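1. just a sequence and a predicted model for now, questions to come.
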Protein chains: 2
Amino acid sequence: MTDERRDTVEGVDSVLVALADPTRRRLLDLLAAQGEATATTLAGRLPVSRQAVVKHLAVLDAAGLVSSSRAGREVRYTVRPAALNATARWMATLADDWDRRLENIKRAAEAAERDSR
Amino acid sequence: MTDERRDTVEGVDSVLVALADPTRRRLLDLLAAQGEATATTLAGRLPVSRQAVVKHLAVLDAAGLVSSSRAGREVRYTVRPAALNATARWMATLADDWDRRLENIKRAAEAAERDSR
DNA sequence: CCGTAGTGCAACTCTGGGGTTGCACATGAG
DNA sequence: CTCATGTGCAACCCCAGAGTTGCACTACGG
């Protein structure tokens, strides 16, 4: 359980870094739309070289956002929702945490003012 | 409505970029824990200079993740959940979208196989 | 009014990563 | 077998951004 939590938190870092690049987000969009595609195909729809696409896909793969599978001489890439979902939940939890803390502080401030007058 | 959607999507970019840096995430953690803090104070708890902290806070501010307010000669920073929440929802929606598309493709593949035999 | 603590501004360094080019290697099509 | 197509690997360029240092400025505290 503790290990699981630590793993997901470590994964969040790589996912955020991966999503921070607009070209990689575009790649994910294309992959989600087509369901499956190769690096060469994807490069045709982007203003960058195939090598650049390959590097981006490697980053996305390391973050668990895509998975690859050989089919003969080509490599098909597919989108992988799990890591994205985990990060979304992490982020929502964090936002809730902030909300709770701010609410507590607000309450404390109001109580202090009530006491002082 | 369309404008609103475009605004949030544009905001997602800056939020993701902001969150991609570990030092900035640490800053947000410290701010959430303390409720309020100055750049100088925060720099004391991090292995970087105050100027670096100031730059990071500027990035976070531009992304809407923190807000600043003067109090005499010092500037207090506070965490701001709204932008984070919006990005979390964006991400969750995207993950759902991927899931739906993958499900559709899977269904189509099964139907095709059924037809072929 | 003087000192000090906190902020603001600017110039500078330097590494990481996004991008490219070039070529070698495998595998399917004819 | 041969050729074209798609990958893989390596060396390289380039710049955005993370970080630093130095100094000027402002506002309290005594």
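-> On my side now, so go ahead. Residues are numbered from 1 along each chain as shown, chains lettered A, B, ... in the order given.

2. around DNA strand D, which positions in chain A sit nearby?
-> A:38, A:39, A:40, A:50, A:51, A:54, A:73, A:74, A:75 (Cβ under 7 Å from any atom of the strand). No exception for glycine: its C-beta is placed from N, CA and C like everyone else's.

3. least confident secondary structure element in chain A?
-> Least confident element among the helices and strands of chain A, by mean pLDDT, DSSP states H and E: helix A:2-19 (a mean of 79).

4. tell me the contacts of the residue nearest to the spatial centre of chain A?
-> By Cα atoms, centre = their mean, the mean C-alpha position of chain A lies nearest to residue A:15, the distance being 3.7 Å. Counting by Cβ atoms under 8 Å, 6 or more residues apart in numbering or on different chains, residue A:15 makes contact with A:63, A:64, A:65, A:83, A:84, A:86, A:87.

5. go with 6 Å
-> A:63, A:83, A:87 (Cβ atoms under 6 Å, 6 or more residues apart in numbering or on different chains).

6. pretty sure residue A:66 contacts residue A:59?
-> No. With the criterion set as Cβ atoms under 6 Å, residue A:66 and residue A:59 do not qualify as a contacting pair; they are 9.5 Å apart.

7. near chain B, anything from the longest helix seen in chain A?
-> Secondary structure of chain A per DSSP state H: the longest helix is helix A:81-116. Yes. Using Cβ under 6 Å from any Cβ of the partner chain, we find that helix A:81-116 touches chain B at A:81, A:84, A:85, A:88, A:91, A:92, A:95, A:98, A:99, A:101, A:105.

8. report how many residues lie close to the last one.
-> This means residue A:105. For residue A:105, the neighbour count with other Cβ atoms under 10 Å in any protein chain shown is 14.

9. what's the answer for the one 3 residues further on, then?
-> Residue A:108 has 11 neighbours, counted by other Cβ under 10 Å.

10. and it, how far is that from residue B:35?
-> Taken as Cβ to Cβ, to the nearest Å, the spacing of residue A:108 relative to residue B:35 amounts to 9 Å.
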